[in-house]
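K.L.:
Let me see the structure of the following:
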Amino acid sequence: HVQLVESGGGSVEAGESLRLSCVGSDFSRYYMAWFREAPGKGREGVAAIGMDGRTGIKDSVKGRFTISKDNAKNTLYLQMNNLEPDDTAVYYCATSTHWGKWAIPSFAEYWGHGTQVTVS
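P.N.:
Here you go, the predicted structure:
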């Protein structure tokens with residue numbers, strides 16, 4: 001069982017930045033992903049990083065969000081720049097079982113409890 005704990009959320013104005021962190025264990029053994037869930041919308045994949053460091057990014061956040069990880073610290077990051085009101089959501093980190101389907105929530109295995117990001 002993998003326990004994941006997110007942090008770094010908050011309330012910011014449009015155009016500002018936030019960096020989310022997710023601490024867990026055995027990150028080098030998993031595909032890792034960030035998801036988000038906005039009010040009234042389904043959970044969606046935002047970014048993922050493979051065991052070899054390759055990344056996947058949702059089209060609407062390309063050029064603004066960057067995913068990275070530090071295996072030695074078992075920490076996953078999501079750097080979010082130039083935030084927009086549509087980025088408002090609860091952000092979750094998760095392990096994924098299938099690289100090609102990293103953006104699909106049903107292929108995630110372990111989840112954190114989420115961190116709120118509000119952009120006004």
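K.L.:
list the contacts for the most centrally placed residue in the chain?
P.N.:
Taking CA atoms, centre = their mean as the criterion, Trp34 is the residue nearest the geometric centre of the chain, at 2.0 Å. Trp34 is in contact with 20, 22, 45-48, 67, 76, 78, 91-94, counting by CB atoms under 8 Å, 6 or more residues apart in numbering. Placement of C-beta: from N, CA and C, glycine included.
K.L.:
worst-scoring helix or strand of the chain, pLDDT-wise?
P.N.:
strand 108-111 (a mean of 94; mean pLDDT, DSSP states H and E).
K.L.:
now that one, how far from the chain's geometric center?
P.N.:
Mean-position distance between strand 108-111 and its chain equals 12 Å (CA atoms, centre = their mean, to the nearest Å).
K.L.:
Same check on stretch 22-42?
P.N.:
5 Å.
K.L.:
Can you give me the buried ones in that stretch?
P.N.:
22-24, 27, 30-36 (16 or more other CB atoms under 10 Å).
K.L.:
for stretch 44-64, same thing?
P.N.:
Buried, per 16+ other CB under 10 Å, within stretch 44-64: 45-50, 56-58, 61.
K.L.:
Can you add secondary structure and give those back as TSV?
P.N.:
Below are those laid out as TSV (DSSP: H, G, I helix; E, B strand; the rest coil):
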residue	secondary structure
Gly45	strand
Val46	strand
Ala47	strand
Ala48	strand
Ile49	strand
Gly50	coil
Gly56	strand
Ile57	strand
Lys58	coil
Val61	helix
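K.L.:
Turn those into JSON lines, including distance to Val117 and pLDDT.
P.N.:
Listed next are the buried residues of stretch 44-64 as JSON lines, based on distance: CB to CB, whole Å; pLDDT from 0 to 100:
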{"residue": "Gly45", "distance to Val117": "15", "pLDDT": "96"}
{"residue": "Val46", "distance to Val117": "11", "pLDDT": "97"}
{"residue": "Ala47", "distance to Val117": "14", "pLDDT": "97"}
{"residue": "Ala48", "distance to Val117": "18", "pLDDT": "96"}
{"residue": "Ile49", "distance to Val117": "19", "pLDDT": "95"}
{"residue": "Gly50", "distance to Val117": "24", "pLDDT": "93"}
{"residue": "Gly56", "distance to Val117": "20", "pLDDT": "95"}
{"residue": "Ile57", "distance to Val117": "17", "pLDDT": "97"}
{"residue": "Lys58", "distance to Val117": "14", "pLDDT": "96"}
{"residue": "Val61", "distance to Val117": "12", "pLDDT": "96"}
